[in-house]
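K.L.:
Based on what follows, work out the 3D shape:
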Amino acid sequence: MTSETYVVAFEGAPDDPGVLDFAIKQAKGDGASLLLVHVLEWSPYSFLTQEELAERHGRRKKELERANAIVMAPALAKADAAGVPATGVIRYGQVVELILEETRKAGATEIYVGRSGSQSVAARVFGSVTLGLAQLSPVPTVIVP
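P.N.:
Numbering: from 1, shown residues only. A predicted model of the protein is given here:
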């Protein structure tokens, strides 16, 4: 049984900055387990009709299935192949808030997050996640270049 859990704020993009590889290496060296957290941003849109909400719920279910197949399952397999115990969670909502919530629930002792050097919109959004975690985290946050 491992004594520590490290959270990996895992975007899972093809141009991933290597945060998963770094976290696996650290966890393996420390005998820790990983909790991979992938957040799909989602707002409630409380003004939608019942039909629109039902359609949106159907799209949400498909997005979760796709994120699990394309992002989470391969990442968990990579950790397993390296001999590092890992679990994953995919959530909808505000990224920083949910990563911190999962960190607290797991009693995690560190968070690993990637730093993006790209100037794309996604990189700017992810960059704000990195800054948010660094500022608000109750545990040390490692920013992986």
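K.L.:
CA atoms for contacts and neighbours, from now on please.
P.N.:
Fine.
K.L.:
What are the buried residues along the one helix or strand residue 54 maps to?
P.N.:
Taking DSSP states H and E as the definition, residue 54 sits inside helix 50-67. Using 16 or more other CA atoms under 10 Å as the test for burial, helix 50-67 gives 64, 67.
K.L.:
Please apply the same query to stretch 136-143.
P.N.:
Quick answer for stretch 136-143 (16+ other CA under 10 Å): 137, 139, 141-143.
K.L.:
Tabulate these in a markdown table, adding columns for distance to residue 110, secondary structure and pLDDT.
P.N.:
Formatted as a markdown table, the buried residues of stretch 136-143 follow (distance: CA to CA, whole Å; DSSP: H, G, I helix; E, B strand; the rest coil; pLDDT from 0 to 100):
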| residue | distance to residue 110 | secondary structure | pLDDT |
| --- | --- | --- | --- |
| 137 | 9 | coil | 94 |
| 139 | 5 | coil | 97 |
| 141 | 6 | strand | 95 |
| 142 | 7 | strand | 94 |
| 143 | 11 | strand | 92 |
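K.L.:
okay but residue 34 is in contact with residue 9, surely?
P.N.:
No. The pair residue 34 / residue 9 is not scored as a contact, 10.4 Å apart, by CA atoms under 8 Å.
K.L.:
Those two: which has the busier surroundings?
P.N.:
Here residue 34 and residue 9 are compared on neighbour count by other CA atoms under 10 Å; more neighbours surround residue 34, at 29 against 26.
K.L.:
any low-confidence regions in the chain?
P.N.:
Scanning the chain for pLDDT under 70 picks out 1-2, 14-17, 42-48, 53, 116-127.
K.L.:
those helices in it, which residues are they?
P.N.:
19-30, 50-67, 73-81, 95-106, 121-136 (DSSP state H).
K.L.:
Mind checking those helices for the one nearest to residue 13?
P.N.:
Proximity to residue 13, assessed across those by CA to CA, is greatest for helix 121-136 (9.9 Å).
K.L.:
about what we covered before: Throw the helices of the chain into CSV and include distance to residue 4, thanks.
P.N.:
Formatted as CSV, the helices of the chain follow (distance: least, CA to CA, whole Å):
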stretch, distance to residue 4
helix 19-30, 8
helix 50-67, 26
helix 73-81, 15
helix 95-106, 9
helix 121-136, 19
